[in-house]
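> Fold the following.
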Amino acid sequence: MTDTAIAWDTYARQRPERRPTNARGETTWFNWTQYADHGPGVELLDLPAGGRVLDLGCGKGGNAAHLAALGMDAVGVDISPVQLSAAEERWGDTPGLELRHADALAYLREDGADFDAVYSVYGVVWFTDPAALLPLVRARLRPGGTLAFSQRPPVEGCYGRQASYIPRGGDEDPLVVKRWDYEPDAWEELLKEHGYMDTRATVVSAPSGDRKVGTLIVQARTARTTTRPPAMSGQAWRPYSSSF
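Alright, predicted model coming up:
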C-alpha cells in the first residue's frame with residue numbers, strides 16, 4: 001500500500017459517517033462545503049438527464065450515491081480501501097453507482113471512459129499537482145463537459161504546493177499529504193492555460209455562527225463542439241452565484 005493510501009485510510013477512520021438524513025429529511029444529497037446543509041447542489045455540474053459523472057476522491061461515497069439516485073451513471077474513484085469499504089457498505093447496492101479503487105491519475109490515464117462532468121469535493125483536485133491532473137481530466141470530459149471542485153480557500157501568502165498533516169497518535173509522527181492552494185483568480189487563469197473555458201472561482205461564505213472559513217468553489221468547462229442532451233431539470237449551466 002502506498003503512503004498516500006495509508007494517509008487517507010488514517011483520515012477515513014477519524015471522520016464521522018454521513019448522517020442518515022439531512023435537514024430536509026432526504027436520505028441522499030450533494031454537499032460542496034464543509035458545512036452541513038449549506039451551499040449549492042448538483043446544478044453546478046450541468047448534467048444531462050442520465051449523464052455520466054466522475055467523482056475524483058469519492059471518499060465514503062455520499063455525493064456519488066446521490067447522483068446515482070438522480071438517475072446518473074456515477075463513478076467514484078478513491079485510493080483509500082477504508083473509504084471505499086465504507087462506501088460499499090452503505091451505497092454498494094445503489095443502481096447506477098460504480099466504485100473503483102484506484103489512483104486518480106492512473107485511472108484517468110488508463111480507463112478511457114469519458115464523462116459529462118468530473119468533480120472533486122475536498123478531494124483529488126486539491127491534493128494533486130494541477131499540471132498533471134488538469135490535462136487528464138480535460139481529455140476525459142465530453143464536449144461542453146464540466147469540471148467543478150471545492151476546497152478550503154488558501155491562507156494568505158501560502159500558494160502552490162503546501163503540506164497537510166494527518167495525525168495518527170501520541171507516539172507517532174503525523175502523516176503528510178501535499179495539497180495545491182491558489183487564490184480564485186489564479187485558479188481561473190490556471191484552468192484557462194490548460195484549455196478550459198468559462199472558468200469561475202469564488203469563495204462561498206460560511207453559514208452564520210462561530211466558524212468563519214468559507215469554501216472555494218471552482219467551475220470550468222471544455223469547448224462545446226457538439227450538441228449535448230438537455231441539462232438535468234431543464235437548467236442551463238451557469239457559474240456559481242452567491243444567491244445560493
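
> buried ones in the longest strand along the chain?
Secondary structure of the chain per DSSP state E: the longest strand is strand 141-151. Buried positions in strand 141-151, judged by neighbour count with 16 or more other CB atoms under 10 Å: 141-142, 144-151. Just so you know, the C-beta spots here come from the backbone N, C-alpha and C atoms, and that holds for glycine as well.

> Stretch 173-190 now?
Here stretch 173-190 shows 175, 177, 179-182, 184, 187-188, 190 as buried, counting by 16+ other CB under 10 Å.

> quick one, strands of the chain?
52-56, 73-78, 97-101, 115-121, 141-151, 160-166, 175-181, 197-204, 215-221.

> What is the fifth one packed up against?
I take that to be strand 141-151. Secondary-structure packing of strand 141-151 (3 or more CB pairs under 8 Å, 6 or more residues apart in numbering; DSSP states H and E): strand 115-121, strand 215-221.

> which other residues reach it?
For strand 141-151, contacts defined as CB atoms under 8 Å, 6 or more residues apart in numbering pick out 32-33, 44-47, 114-123, 125-126, 137-138, 179, 181, 191, 196, 215-226, 228, 237.

> mind running it again at 6 Å?
32, 44-46, 114, 116-122, 125-126, 137, 215-222, 224-226, 228 (CB atoms under 6 Å, 6 or more residues apart in numbering).

> Just the buried subset of those residues, please.
32, 44-46, 116-122, 125-126, 137, 215-222.

> Which stretches in this structure count as helices?
For the chain, the helices defined by DSSP state H occupy 3-14, 62-69, 81-91, 104-110, 130-140, 184-193.

> now these as JSON lines including distance to residue 205 and mean pLDDT?
Shown next, in JSON lines, are the helices of the chain (distance: least, CB to CB, whole Å; pLDDT from 0 to 100):
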{"stretch": "helix 3-14", "distance to residue 205": "26", "mean pLDDT": "94"}
{"stretch": "helix 62-69", "distance to residue 205": "21", "mean pLDDT": "98"}
{"stretch": "helix 81-91", "distance to residue 205": "29", "mean pLDDT": "97"}
{"stretch": "helix 104-110", "distance to residue 205": "29", "mean pLDDT": "96"}
{"stretch": "helix 130-140", "distance to residue 205": "25", "mean pLDDT": "98"}
{"stretch": "helix 184-193", "distance to residue 205": "13", "mean pLDDT": "98"}
